[in-house]
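Undergrad: Predicted model and sequence below, questions to follow.
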Amino acid sequence: MKIKIEKTFYGGRYMWRLISGDKIECEGYCAYKTFEEAETGAREMINRIVEATKEEIEVEK
């Protein structure tokens with residue numbers, strides 16, 4: 001599975017989205033003050049997905 005991390009600014013906070021193809025797999029809102037914190041949150045979710053599915057995930061740049 002290939003996933004892209006999209007970081008955007010929303011409601012005064014940064015958020016992340018994990019996107020696989022044209023489908024948004026999951027999102028995190030309003031919890032991060034910096035892009036770096038948002039990316040860390042996304043990577044933690046990727047680790048949870050890998051544990052649950054046992055599927056390798058490649059993060060697109």
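TA: That came through, no problem.

Undergrad: count of neighbours near the closest residue to Ile46 other than its chain neighbours?
TA: Distances taken as CB to CB, 6 or more residues apart in numbering put Ile57 closest to Ile46, at 5.6 Å, once the chain neighbours are dropped. Glycine gets a C-beta too; all of them are placed from N, C-alpha and C. Taking other CB atoms under 10 Å as the criterion, the count of residues near Ile57 is 15.

Undergrad: State the distance from Ile57 to Ala42.
TA: The gap separating Ile57 from Ala42 is 11 Å, by CB to CB, to the nearest Å.

Undergrad: could I get the helix or strand harbouring Ile46 in CSV with only the CA atoms?
TA: Element membership for Ile46, per DSSP states H and E: helix 35-53. Coordinates of each C-alpha in helix 35-53 appear next as CSV, following Å, rounded to 0.1, in the frame of the first residue of the first chain:
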residue,chain,number,x,y,z
PHE,A,35,3.9,20.6,10.8
GLU,A,36,6.5,18.4,12.5
GLU,A,37,3.9,17.4,15.2
ALA,A,38,1.4,16.7,12.5
GLU,A,39,3.8,14.4,10.6
THR,A,40,4.7,12.6,13.8
GLY,A,41,1.0,12.0,14.4
ALA,A,42,0.6,10.6,10.8
ARG,A,43,3.5,8.3,11.2
GLU,A,44,2.1,6.9,14.5
MET,A,45,-1.1,6.1,12.6
ILE,A,46,0.8,4.5,9.8
ASN,A,47,2.5,2.2,12.4
ARG,A,48,-0.9,1.3,13.8
ILE,A,49,-2.2,0.4,10.3
VAL,A,50,0.9,-1.8,9.7
GLU,A,51,0.4,-3.6,13.0
ALA,A,52,-3.3,-4.2,12.3
THR,A,53,-3.0,-5.2,8.6
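
Undergrad: list the helices and strands that helix packs on?
TA: strand 2-10, strand 13-20, strand 23-32 (3 or more CB pairs under 8 Å, 6 or more residues apart in numbering; DSSP states H and E).
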